[in-house]
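K.L.:
structure of the sequence below:
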Amino acid sequence: MAAASVIINSFILHSIELEIASKMLSDGKEPEVWQSINVPGGRESNESLRRKYGQIIKYI
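P.N.:
Numbering: from 1, shown residues only. Below you'll find the predicted structure:
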């Protein structure tokens, strides 16, 4: 039963993240989202986030 709760909780949290990102975009703000390095510009975008938040969030 634990596996089902992990899947459900993950779905709920990702749904909330998507709603927040959608709201930000509709308000004209660009959400800062970690990207796959397999997409064009992903590595550069992630490096920008590392420089911006690296001192605050130690695990990125």
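
K.L.:
show me the contacts for Lys52.
P.N.:
The contact partners of Lys52, taken as CB atoms under 8 Å, 6 or more residues apart in numbering, are Glu32. Placement of C-beta: from N, CA and C, glycine included.

K.L.:
quick one, phi/psi of Asn38?
P.N.:
Here is the backbone geometry of Asn38 (degrees, to the nearest 10): phi -90, psi 0.

K.L.:
what about it, how many residues nearby?
P.N.:
Neighbour count for Asn38, taken as other CB atoms under 10 Å: 7.

K.L.:
state the helix or strand in which the closest residue to Trp34 other than its chain neighbours lies.
P.N.:
Take Trp34 and drop its neighbours on the chain: the residue closest to it by CB to CB, 6 or more residues apart in numbering is Asn46, 6.0 Å away. Using DSSP states H and E, Asn46 maps to helix 42-53.

K.L.:
Pro31 now?
P.N.:
For Pro31, there is no host helix or strand (DSSP H and E).

K.L.:
give me the phi and psi angles of it.
P.N.:
phi -70, psi 140.

K.L.:
residues in contact with it?
P.N.:
Listed by CB under 8 Å, 6+ apart, the contact set of Pro31 reads Ile20, Ala21, Met24, Leu25.

K.L.:
these: which two are farthest apart?
P.N.:
Spanning the widest gap among those are Ile20 and Leu25, at 9.8 Å by CB to CB.

K.L.:
let's verify Pro40: helix, strand, or coil?
P.N.:
Of the three states, Pro40 takes coil according to DSSP: H, G, I helix; E, B strand; the rest coil.
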